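J.: Structure of the sequence below:
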Amino acid sequence: MQSSISLSLSSPSPTARSHARSVVASNGSLVPRSLRFCGLRREVYRLQSSNSSRLAAAWPSNRVTASFSSNGAPSTEFDYDLVIIGAGVGGHGAALHAVEKGLKTAIIEGDVIGGTCVNRGCVPSKALLAVSGRMRELQNEHHMKAFGLQVAAAGYDRQAVADHASNLASKIRSNLTNSLKALGVDILTGVGTILGPQKVKYGTDNVITAKDIIIATGSVPFVPKGIEVDGKTVITSDHALKLEFVPDWIAIIGSGYIGLEFSDVYTALGSEVTFVEALDQLMPGFDPEIGKLAQRVLINPRKIDYHTGVFASKITPAKDGKPVTIELIDAKTKELKDTLEVDAALIATGRAPHTKGLGLENINVETQRGFVPVDERMRVIDATGKLVPHLYCIGDANGKMMLAHAASAQGISVVEQVSGKDHVLNHLSIPAACFTHPEISFVGLTEPQAREKAEKEGFEISVAKTSFKANTKALAENEGEGLAKLIYRPDTGEILGVHIFGLHAADLIHEASNAIAMGSRIQDIKYAVHAHPTLSEVLDELFKSAKVRRKVSLGLEVRFPIIFHGLNLTFLVQLVKQLQSRLLSKGVPYKPQIASKDEKKISTQTEASYGKVASALLRLLTVMLDFVSFTIRTF
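T.: Next up, the predicted model:
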């Protein structure tokens, strides 16, 4: 018996690339025109998912108006086509894209170019993590011997390590500033305040107007009540990145990205670490299976202990020779459980939006826990639930996804809209990474999230896994400890989530994130060729191991999948409805009934008056479907 296999491929048309690779700065040096901090691609693809189609239908593109006249010249009605409040990664990405679109653009910054990420966040922290990674490798005698190497006792210069982080931040800050100036973006110094619709004040009394305004003010470290930060012995990540001293024993409050990365740094430099986590497990934001493996590799073998299910209700800095004291209370009962005495405490309890003093009250906008409310297009929503015309908010300030590259992606999406092209960003395609040694990365849903979604929407999910121990490059690096996990729909091949723990996981995740962004299915990418031997083959094996059900046609004008474990009832219902319509048109009515999902077949009940012809036809259909199902399942 022959079956016709149907395979659906989608290849969206890429947007045109700019051929101008660089421009000349005021000092005569070349500055890359395509500079995109965090490596975000210049192209912004329009989503092809059914979800984005529904959103586009709900908010048609004619609601978005361009900020320039029909001949492409900047609007003369306003001082600027676009004003961005905040020159962090999100504001910078939006500004560069706006210039590319021909918009007269200004960016307002009350502190320094680059915002938190460049100056007090992801950039200097990666410099410290680069040091800790090398230090940890040199300290691992067993690891070195596996390569046949003998290394004397490794040491470090604390100030030199701190200078490395500071110098990197300074260099990136200079690069971002030069790129803005070279492209003609006006950098306005001062705190930005919204005075009213399309009107902004910066500094003391400078007022400008703009066709569109983007809020990109970022976030600051969140410090819970009862914690006294002195910047010396009780610190936030802002202070820790300066590495002014390395304590013998430090408590880290919170075991998310920030806490995990700093535990990697401090333990490599010789500190003992104690985690204090309010939830019942460490690393609560990660997929549970990945979190357990990461705990076994990143926590258990190192000089780290932890307390879970407790709050740090009170933290007092070290004074007069006394250590830092931390009172721990039960997260549920609020009863005092323990008191810690340590040399230092790092508050890594997350970040809070930096939205105070923005003048949101002037446009009737009320924040929600400090976050500016926005819709799926980053358009600001006022206190009555209405959209504020020409006002957008991106990045940490809106709380949708507090990642630097997410802010940049949101900024580019907004610029597409104000340039006249409707665009909705798929946040499930944006990856995240924790730069420990080994690294953790993921994109999309965790397994519990995917199962919850599947139960609500009525579909199945499957999970595929591959180990780094089967990868030649990982074994050559003596880094076989790792796992890649794929969560997907076996009926359609849709990728719901990918999670990686292992060597260079932060780099490997982008193959999966790009696949989700492009709407690619597993059956579309599982035959892609990867260079050998490379770590990318971990993803290659992962996608190849996924089992996607094949599509078969019975030649009855309705194509539907015959799957290895039974028939897809949704398509069978469509088939029966079509046959019912044909029979009714011939004057032979009947009532189809679908059997239980376990039986995966159609049963029909005909009334005596419907005649023997209809009954025989329907019995024949049932037998035929059962036979095809059995054949496909067993060959």
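
J.: The stretch 201-350 of the chain: strands as residue ranges?
T.: Per DSSP state E, counting those that start in this stretch, the stretch 201-350 of the chain carries strands over the ranges 206-215, 219-221, 234-236, 249-253, 272-277, 304-308, 310-316, 324-330, 336-342, 344-347.

J.: closest to residue 509 out of these?
T.: Proximity to residue 509 (C-beta to C-beta) singles out strand 219-221 among the strands of the stretch 201-350 of the chain, at 23.2 Å. Placement of C-beta: from N, CA and C, glycine included.

J.: From start to finish, how long is stretch 520-536 in a straight line?
T.: 18 Å (C-alpha to C-alpha, to the nearest Å).

J.: My error: substitute stretch 394-402 in the last question.
T.: End-to-end distance (C-alpha to C-alpha), stretch 394-402: 10 Å.

J.: quick one: that stretch to chain centroid distance?
T.: 11 Å (C-alpha atoms, centre = their mean, to the nearest Å).

J.: Low-confidence stretches in the stretch 351-500 of the chain?
T.: Applying pLDDT under 70 to the stretch 351-500 of the chain flags no residue at all.

J.: Helices of that one, residue ranges please.
T.: Taking DSSP state H, counting those that start in this stretch, the helices of the stretch 351-500 of the chain run over residues 404-418, 447-457, 472-476.

J.: Could you list the domains of this protein?
T.: 40-115+168-218+352-425, 234-349, 438-545, 552-634 (automatic domain parsing).

J.: Can you say which of the ones you listed is nearest to residue 129?
T.: domain 234-349 (6.1 Å).

J.: if we can go back for a sec, which of the strands of the stretch 201-350 of the chain sits closest to residue 442?
T.: With C-beta to C-beta as the measure, strand 272-277 is the member of the strands of the stretch 201-350 of the chain nearest residue 442 (19.2 Å).

J.: so what does the closest one touch, helix or strand wise?
T.: Counting contacts by 3 or more C-beta pairs under 8 Å, 6 or more residues apart in numbering; DSSP states H and E, strand 272-277 is packed against strand 249-253, helix 257-268, strand 304-308, strand 310-316, strand 336-342.

J.: and that strand, which strands flank it?
T.: Sheet pairing of strand 272-277 (DSSP bridges) gives strand 249-253 (parallel), strand 304-308 (parallel).

J.: Name the residues that touch that strand?
T.: For strand 272-277, the external contacting residues (C-beta atoms under 8 Å, 6 or more residues apart in numbering) are 248-255, 259, 263, 266-267, 282, 284, 299, 302-312, 326, 328, 340, 342.

J.: try it again with 7 Å
T.: 248-255, 259, 263, 266-267, 282, 303-308, 310, 312, 328, 340, 342 (C-beta atoms under 7 Å, 6 or more residues apart in numbering).

J.: how about that strand: buried residues?
T.: 272-277 (16 or more other C-beta atoms under 10 Å).

J.: Next up, the contacts around residue 433.
T.: 439-441, 505-506, 509.

J.: which ones among those residues are found in strands?
T.: 439-441 (DSSP state E).

J.: Residue 135 looks like it's in a helix, true?
T.: Yes: using DSSP: H, G, I helix; E, B strand; the rest coil, the secondary structure at residue 135 is a helix.

J.: what residues are up against it?
T.: Contacts of residue 135 by C-beta under 7 Å, 6+ apart are 154, 156, 268-269.

J.: about what we covered before: looking at the contacts of residue 433, which one is closest to residue 389?
T.: So of these, ranked by how close each gets to residue 389 (C-beta to C-beta), first place is residue 509, at 37.5 Å.

J.: So for residue 226, which of the domains of the chain sits nearest?
T.: domain 234-349 (4.5 Å).

J.: What is the linear distance spanned by stretch 477-492 between its boundary residues?
T.: Rule used - C-alpha to C-alpha; the end-to-end distance of stretch 477-492 is 37 Å.

J.: How far away from the center of its chain is that stretch?
T.: Counting by C-alpha atoms, centre = their mean, stretch 477-492 comes out at 17 Å from the chain centroid.

J.: How about stretch 355-374?
T.: On C-alpha atoms, centre = their mean, the centre of stretch 355-374 falls 24 Å from that of its chain.

J.: Reformat the strands paired with strand 272-277 as TSV; add mean pLDDT and mean neighbour count.
T.: Output for the strands paired with strand 272-277, formatted as TSV (pLDDT from 0 to 100; neighbours: other C-beta atoms under 10 Å):
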stretch	mean pLDDT	mean neighbour count
strand 249-253	98	24
strand 304-308	97	17
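
J.: need those strands in JSON lines with distance to residue 223, can you?
T.: Below are the strands paired with strand 272-277 laid out as JSON lines (distance: least, C-beta to C-beta, whole Å):
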{"stretch": "strand 249-253", "distance to residue 223": "9"}
{"stretch": "strand 304-308", "distance to residue 223": "19"}
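
J.: closest to residue 193 out of these?
T.: It's strand 249-253; of those, that one is closest to residue 193 (C-beta to C-beta) at 33.3 Å.

J.: Need the contact partners of that closest one.
T.: 259, 262-263, 266, 271-276, 312, 326, 340, 342-349.

J.: I'd say residue 446 and residue 287 touch.
T.: Yes: in this structure, residue 446 is within contact of residue 287 by C-beta atoms under 7 Å, at 4.2 Å.

J.: neighbour-wise, which of those two wins?
T.: Between residue 446 and residue 287, counted using other C-beta atoms under 10 Å, residue 287 has the larger neighbour count: 25 against 21.

J.: Between the strands of the stretch 201-350 of the chain, which one is closest to residue 470.
T.: Of those, nearest to residue 470 by C-beta to C-beta is strand 304-308, at 28.8 Å.

J.: okay, the helices of the stretch 351-500 of the chain, which one's buried deepest?
T.: Of all the helices of the stretch 351-500 of the chain, helix 404-418 has the most neighbours on average by mean count of other C-beta atoms under 10 Å, namely a mean of 26.

J.: On the pLDDT front, check residue 141 for me.
T.: Listed pLDDT for residue 141 reads 86.

J.: Perfect, I'm done here.
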